[in-house]
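# Structure for this input, please:
(chains A and B)
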Amino acid sequence: MSVGAQDPSVSSFYVNDSFYGDLIARFQDWDHDRHGICDPVERDGFRLLLEREARFLDQHKYDDWLAMLTRECVYWAPARPGGGDPRTEIAVMFDDRRRLEDRVFRLRSEFAWSQAPASRTVRMISNVEVFEYGEKDRRMLRSNFIINEFWDNEIRQLVGWCGYDMQNIDGRWLIRAKQINLINCDRCIRNPSIIL
Amino acid sequence: MSHDWEGLVQEDRVHRALYTDPAIFNAEMTKIFGGTWVYIAHESEIPNVNDYVTRKLGLRPVIVLRDSNNILRVLYNRCTHRGTTLCRHEKGNARAFQCPYHGWNFLNSGKLRGVPWADGYSADIKDEKFNLAQAPRVESYRGFIFATLNLEAPILLNWLGPMTNPIDEWLDRNPGGKIVVCEANRFKYKGNWKLAYDNSSDGYHVIYSHRSLLEMENRLSDASNKGMAYYKNSPDSLAMYVQYMGNGHHFKDKRPNLQARPGGLWAIESTHPGKEYAEAEFRRKYGERAESLLDLAGSEPVNINIFPNLSLLGNHIQVFQPISVNETDAVWYGTRIEDVNGDIGDALGTINALRMRTQEGFPNFGEVDDLANFEQIQVGLQCEEDEWIYMNRGHGIPDRIKTNADGTITAPATDEVFMREYIKEWKRLMKGPTPLSIKREP
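A predicted model of the protein is given here:
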């Protein structure tokens, strides 16, 4: 097998049984006070990171956004409150690196009728908490969001909270996994076609 | 209310009022979503005694359950006292339902068990009129539960008619002929419910409405052998076809385009998370069996459309739920498999995980564009002087459409004959008398 074949933008070898197992374990039971980080400098650093992420998405700077994620990342919006098990249940979205790049490609294609014209969004991020959980180079983040979305002549809100599994690689914090928990994830949603 | 049904539904076109007139919508909720068999839930959602899910039969809130005696029932979710809904949860397990308003308590057979301070009633609260209303007819075909309020409707098996063949084939490719419902991609659109049913066998829209998906699938490698690409070039000359099956049902079959071999189905799948891992792992571990194991994660290329609200496509159970004349919920329930015969073994987890990811693809990257187009039809139909919608593709072309010995009608994949035929059935139901009834436990 060539090195190129293992490029997660091209082929998906890393979404395997142990990947799912680790992901589920990681998002099981992490947001406890005993793991919380109180250091205001560290917390502010992550708050800025999440605000930058929101700005990239609002501005459709998808390449900049994709660069905030690890190569072997996952973007996961469960279809049931609490997350469920993505191995045996459908998710609203469950993208690996390649599928995220698919998603961006589609949005840029000019033929994504659900986004023609594209939604205008303004994201509000708050309640950022940082948790030290697992290895030294890892953090978990929890933040609340309101995405104000202007589409089809009206403004609606997509509301929920995100869990982030962060990894420090060469001094930079990157998103390994982003779990988007819409508070209405188990109800019918009109035109869920932006990146959350 | 009376409508000129013959004027509204013509040979090759229908009037915009079918999609925009609230009076027609209200009549549909009685005559169709009441007067004919309506899909209501899958048995795997309520596997155990006392399990329930809450759904709607047309606009009527109902509780679909397996009662304490293992009988499937569709109870009206409406207290007989003041009309309150009894159950506000999506699903659960309950032997009885107590009204949150005044505490009337009902067994899951629908029978009133008791009321607070019964001595305050001169009426006999054991009178059956105080038991919950329920659908008088509930039948299941291989796990698919249907209900109707029409005592004169044919039995479910006869109403499905030749549709049972594609349903059987869709189920029987899975171990033990069984699937289990497992969450859903849930959509809402501001458009009439029939826009989704019109679309369900439509082979004509694919390369236009889904152009973003087709180009996406083609971005890394040549996807001209993938399922959606069938519709490029000359789809009408291929072996796939659309078939009208009677009673409003229709069927789009793309399987004749497949290579008839293990792995033939998997070969038309595009890219999904974990795809290359599963392929490499299965081929290493299971050798020749790998291909048929991968097929279990692949999307079956059929659209089995059961009038008025059910569509089996890929591995999905899609349900159309009307909300109002211009609002509809479209729920794409996912399905997983079980190792019923014990011959899948430790491959099951990987198959199901991959099967989840294949099922998320089309709703995320295809359905959203269809829904945008449905909504924009609803907008366009506000042009009230421009009255007609055409469903005339293939109409009047000699030798294009074939009526088979069993009465079904076969046509090339992009033909709109299925719309012309189902809407005749719609018209028949709308014109006819509607002998609806409910029942209560004695």
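
# Send me the strand ranked longest in chain A as PDB with only the CA atoms.
In chain A, with assignment by DSSP state E, the single longest strand is strand A:154-169. Only the C-alpha atoms of strand A:154-169 are listed here, as PDB (Å, rounded to 0.1, in the frame of the first residue of the first chain):
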ATOM      1  CA  GLU A 154     -35.800  34.600   7.600                       C
ATOM      2  CA  ILE A 155     -33.500  34.300  10.500                       C
ATOM      3  CA  ARG A 156     -33.600  31.100  12.600                       C
ATOM      4  CA  GLN A 157     -31.400  29.800  15.400                       C
ATOM      5  CA  LEU A 158     -29.600  26.500  15.700                       C
ATOM      6  CA  VAL A 159     -28.900  26.000  19.300                       C
ATOM      7  CA  GLY A 160     -26.800  23.500  21.300                       C
ATOM      8  CA  TRP A 161     -23.500  22.700  22.900                       C
ATOM      9  CA  CYS A 162     -20.300  21.300  21.500                       C
ATOM     10  CA  GLY A 163     -17.800  18.900  23.000                       C
ATOM     11  CA  TYR A 164     -14.200  19.100  21.600                       C
ATOM     12  CA  ASP A 165     -11.500  16.600  21.900                       C
ATOM     13  CA  MET A 166      -8.300  18.700  21.500                       C
ATOM     14  CA  GLN A 167      -4.800  17.500  20.900                       C
ATOM     15  CA  ASN A 168      -1.500  19.500  21.100                       C
ATOM     16  CA  ILE A 169       0.600  18.700  18.100                       C
END
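
# Next secondary structure after that strand?
strand A:172-182 (DSSP states H and E).

# Tell me which other helices or strands that next one touches.
On a contact count with 3 or more CB pairs under 8 Å, 6 or more residues apart in numbering or on different chains; DSSP states H and E, strand A:172-182 meets helix A:40-58, strand A:69-78, strand A:154-169. Glycine gets a C-beta too; all of them are placed from N, C-alpha and C.

# most tightly surrounded among the ones you listed?
Per-stretch averages of neighbours, counted by mean count of other CB atoms under 10 Å in any protein chain shown, single out strand A:69-78 among the helices and strands packed on strand A:172-182, with a mean of 20.

# Just checking the distance from that one to the centre of its chain.
When distances are taken as CA atoms, centre = their mean, to the nearest Å, strand A:69-78 is centred 6 Å away from the chain's centroid.

# Neighbouring strands of that strand in the sheet, and parallel or not?
Here strand A:69-78 is paired, per DSSP bridges, with strand A:91-95 (antiparallel), strand A:172-182 (parallel).

# what's it in contact with?
For strand A:69-78, the surrounding residues in contact (CB atoms under 8 Å, 6 or more residues apart in numbering or on different chains) are A:8-9, A:14-15, A:19, A:23, A:84, A:86, A:89, A:91-97, A:100, A:167, A:169, A:174-182, A:185, A:195-196, B:273.

# Please name the residues that touch residue B:215.
Shown in contact with residue B:215 (CB under 8 Å, 6+ apart): A:105-106, A:109, A:111.

# how about 7 Å then?
A:109, A:111 (CB atoms under 7 Å, 6 or more residues apart in numbering or on different chains).

# Does it lie in a helix or a strand, and which?
Using DSSP H and E, residue B:215 falls in helix B:211-217.

# Please name every helix or strand in contact with the longest strand of chain A.
strand A:138-151, strand A:172-182 (3 or more CB pairs under 7 Å, 6 or more residues apart in numbering or on different chains; DSSP states H and E).

# that older thread, any chance of the helices and strands packed on strand A:172-182 in CSV, with mean pLDDT too?
Output for the helices and strands packed on strand A:172-182, formatted as CSV (pLDDT from 0 to 100):
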stretch, mean pLDDT
helix A:40-58, 98
strand A:69-78, 98
strand A:154-169, 98
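
# Can I get those in a markdown table including distance to residue B:127?
What follows is those, written out as a markdown table (distance: least, CB to CB, whole Å):
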| stretch | distance to residue B:127 |
| --- | --- |
| helix A:40-58 | 61 |
| strand A:69-78 | 47 |
| strand A:154-169 | 47 |
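
# To what extent is the residue nearest to residue B:206 when sequence neighbours are not counted buried, counted in neighbours?
Closest residue in space to residue B:206, ignoring its immediate chain neighbours: residue B:231 at 4.0 Å, by CB to CB, 6 or more residues apart in numbering or on different chains. When neighbours are counted by other CB atoms under 10 Å in any protein chain shown, residue B:231 registers 22.

# how close does residue B:231 get to chain A?
Note on residue B:231: its distance to chain A, by CB to the nearest CB, to the nearest Å, is 15 Å.

# list the contacts for that residue?
Residue B:231 neighbours (CB under 7 Å, 6+ apart): B:203, B:206-207.

# Is the closest residue to residue B:200 other than its chain neighbours bridged to anything, and to what?
Leaving aside its chain neighbours, residue B:200 sits nearest to residue B:305 (4.3 Å; criterion: CB to CB, 6+ apart). Note on residue B:305: beta-bridge partners by DSSP bridges are residue B:250, residue B:311.

# Just give me the neighbour total for residue B:305.
If we define neighbours as other CB under 10 Å, then residue B:305 has 29 of them.

# that older thread, partners of the longest strand of chain A in the sheet?
strand A:138-151 (antiparallel), strand A:172-182 (antiparallel).

# and the shortest one, which residues are buried?
Right, the one you point to is strand A:172-182. A:173-182 (16 or more other CB atoms under 10 Å in any protein chain shown).

# related to what we said a few turns ago, next helix or strand past the helix holding residue B:215?
strand B:241-246.

# Summarise which helices and strands that following strand is packed against.
Contacts defined by 3+ CB pairs under 7 Å, 6+ apart place strand B:241-246 against strand B:249-253, strand B:409-412, helix B:417-431.

# picking up where we left off before, can I get the helices and strands packed on strand A:154-169 in TSV including mean pLDDT?
Below are the helices and strands packed on strand A:154-169 laid out as TSV (pLDDT from 0 to 100):
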stretch	mean pLDDT
strand A:138-151	98
strand A:172-182	98
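
# Now render these as TSV, adding distance to residue B:267.
Supplementary listing: the helices and strands packed on strand A:154-169 in TSV, determined by distance: least, CB to CB, whole Å:
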stretch	distance to residue B:267
strand A:138-151	37
strand A:172-182	31
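
# Compute the inter-axis angle for the longest strand of chain A and helix A:40-58.
130 degrees (axes from the mean of the first three to the mean of the last three CA atoms, to 10 degrees).

# Off-centre distance for strand A:154-169?
6 Å.

# cool, stretch A:114-130 as well?
With CA atoms, centre = their mean, you get 12 Å for stretch A:114-130.

# Pretty sure residue A:168 sits against residue A:135.
No: taking contacts as CB atoms under 7 Å, residue A:168 lies outside contact range of residue A:135: 9.4 Å.
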